[in-house]
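Q: what would the 3D arrangement of this be:
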Amino acid sequence: MNVGIIDVGSNTMRLSIYKVKEDNSFDNIMNKKAMVGLAGYIEDGKMSENGINRAIETLLKFKEIAEEFHIENVYVLATAPFRNIDNTEECIERIKESTGFIVNAISGEEEARLDFEGALLGNDLNNGMLIDIGGGSTEIVCFKDKKILQAVSLPIGSLSAYNRFFNCLYPSKKDMNRLKEQVEDLLKIADFMQTQDTHEVIGVGGTIRACNKIFMRSHALKTNNELTYDDVKEVAQIVKNMEGRNLDLIVKTCPDRIHTILSGMIILRTILKRFQGENIKISHYGVREGYLASQIFNGENNG
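A: The predicted structure follows:
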């Protein structure tokens with residue numbers, strides 16, 4: 001059985017198709033990403049008409065792909081762009097009318113939990129911290145013996161940080177410090193984690209994957225699944241000095257994140273420094289896989 005999961009994020013919308021086996025394990029057989037930037041369509045606390053239409057347009061394209069794979073079950077989950085607006089129900093209803101999809105708008109805490117459940121499917125790490133820097137929010141999970149101790153969602157991500165603090169490719173040092181201070185202030189809700197073992201980190205999401213890709217290209221590595229704090233500092237310096245060879249490196253590695261990679265890296269470094277994260281294991285599983293697992297084990301059908 002093939003199943004589709006569509007993740008509606010602040011920066012990107014992704015369709016992932018999985019082949020679910022008889023033992024309930026699954027393989028990812030296809031991914032399709034669209035840079036939509038829904039966070040940029042939020043006006044006066046509401047998703048604009050253009051934003052709703054942009055989401056519908058992309059979902060209809062994904063629906064065509066799903067039909068080509070003869071997929072009966074397509075689950076749509078929406079994260080930060082839908083939970084941070086006043087017209088969530090209107091957006092969900094409009095999407096249902098136009099596409100037939102039922103959108104599940106999940107809370108920040110639920111996203112953090114699904115991130116954790118998805119990451120543990122592909123990683124063997126008992127104690128530590130999970131970080132997922134998305135476009136509109138950042139999820140952090142502190143866990144011990146593979147159980148969540150605390151899960152928080154910060155209302156800031158790489159795209160929302162760019163729009164709020166930078167809004168240009170070469171921000172000033174003052175603007176970068178303002179972002180860092182904002183993240184430090186938001187992290188106060190997670191002070192409990194400072195008393196826990198958070199040296200080992202599972203990194204989820206596009207910002208951390210892009211960080212790893214930049215590191216790999218700069219060191220001519222074909223594969224790499226772990227980063228140290230010093231590696232992250234090195235990549236941060238590359239994106240801070242986005243000129244000449246550094247700019248060429250970023251354009252060749254992650255052109256779709258050229259405007260948000262710096263803000264994402266500042267968020268990442270600030271979190272790692274606050275909680276003394278030393279080693280980051282790159283996870284290829286996250287919220288979509290966690291959501292899929294919940295559907296398989298609960299036997300639910302939302303799409």
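Q: quick one: contacts for the nearest residue to residue 85 once chain neighbours are set aside?
A: Excluding the flanking residues, the one nearest residue 85 by Cβ to Cβ, 6 or more residues apart in numbering is residue 47, at 5.1 Å. Bear in mind the C-beta positions are built from the backbone N, C-alpha and C, glycine included. Residues in contact with residue 47, defined by Cβ atoms under 8 Å, 6 or more residues apart in numbering, are 38, 41, 55, 81, 82, 85, 87, 91.
Q: correct me, but the second one touches residue 54?
A: The reference is to residue 41. Yes: contact between residue 41 and residue 54 holds when scored by Cβ atoms under 8 Å: they sit 6.5 Å apart.
Q: residue 19: how many residues sit nearby?
A: By other Cβ atoms under 10 Å, 14 other residues sit near residue 19.
Q: try residue 173
A: 8.
Q: per-residue confidence at it?
A: As predicted, residue 173 sits at a pLDDT of 95.
Q: would you list every one of the strands in the stretch 1-150 of the chain?
A: With DSSP state E, counting those that start in this stretch as the criterion, the stretch 1-150 of the chain has strands at 2-8, 12-20, 26-35, 42-43, 46-47, 73-78, 103-105, 128-133, 138-144, 147-154.
Q: sorry, that was for the stretch 201-303 of the chain
A: Going by DSSP E, counting those that start in this stretch, the stretch 201-303 of the chain shows strands at 226-228, 279-282.
Q: show residues contacting the shortest one.
A: Same thing as strand 226-228. By Cβ under 8 Å, 6+ apart, strand 226-228 touches 203, 211, 212, 215, 278, 279, 280, 281, 282.
Q: one step back: turn the strands of the stretch 1-150 of the chain into a markdown table, columns for distance to residue 173.
A: Below are the strands of the stretch 1-150 of the chain laid out as a markdown table (distance: least, Cβ to Cβ, whole Å):
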| stretch | distance to residue 173 |
| --- | --- |
| strand 2-8 | 34 |
| strand 12-20 | 29 |
| strand 26-35 | 28 |
| strand 42-43 | 28 |
| strand 46-47 | 34 |
| strand 73-78 | 35 |
| strand 103-105 | 37 |
| strand 128-133 | 21 |
| strand 138-144 | 22 |
| strand 147-154 | 23 |
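Q: which one of the ones you listed lies closest to residue 262?
A: Taking Cβ to Cβ, strand 128-133 is the member of the strands of the stretch 1-150 of the chain nearest to residue 262, at 12.2 Å.
Q: who wins for neighbours among the contacts of strand 226-228?
A: Ranked by neighbour count (other Cβ under 10 Å), the contacts of strand 226-228 have residue 211 at the top, with 30 neighbours.
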